[in-house]
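Peer 1: Using only what follows, build the 3D model:
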Amino acid sequence: RSEPMTEIEKPLKSAAMAEVVQKWYADFVNVEQVLLFELILAANYMDIKPLLDLTCATVASMIKGKTPEEIRKTFNIANDFSPEEEAQVREENKWCEEP
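Peer 2: Numbering: from 1, shown residues only. Predicted coordinates:
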């Protein structure tokens, strides 16, 4: 690929990677979650910043606009908070959910 990747705007303007970077790059990271996380580890280990930025932005796009429950489902994360703890965390971070 000879065309350099478009700089990734932060915060992401879209949850669709094809709207964030060129199609080739969006297709490159359109892989199984396990492989995506392996790419993140490899890019970090080899200090390949553009690849690290692209793969991390892809994970961010998978989170963008989702509720905590949807994020847990996407990444297979168990909710280990009791209902009381969850209510307390939501109250303490209420400002995050304001438009």
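Peer 1: Show the subsequent helix or strand relative to whichever strand or helix holds Glu38.
Peer 2: Taking DSSP states H and E as the definition, one finds Glu38 inside helix 33-45. Past helix 33-45, further along toward the C-terminus, the next helix or strand under DSSP H and E is helix 49-63.
Peer 1: which of the residues in that following helix are buried?
Peer 2: 51-62 (16 or more other Cβ atoms under 10 Å). No exception for glycine: its C-beta is placed from N, CA and C like everyone else's.
Peer 1: Please enumerate residues in contact with the helix holding Glu38?
Peer 2: Identification of contacts with helix 33-45 by Cβ atoms under 8 Å, 6 or more residues apart in numbering yields 29, 31, 48-49, 51-52, 55-56, 58-59, 75.
Peer 1: With distance to Glu69 and pLDDT added, can I get these in a markdown table?
Peer 2: Putting the contacts of helix 33-45 into a markdown table (distance: Cβ to Cβ, whole Å; pLDDT from 0 to 100) gives the following:
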| residue | distance to Glu69 | pLDDT |
| --- | --- | --- |
| Val29 | 25 | 96 |
| Val31 | 25 | 97 |
| Ile48 | 34 | 96 |
| Lys49 | 33 | 95 |
| Leu51 | 31 | 96 |
| Leu52 | 28 | 97 |
| Thr55 | 24 | 97 |
| Cys56 | 23 | 97 |
| Thr58 | 21 | 97 |
| Val59 | 18 | 97 |
| Phe75 | 12 | 95 |
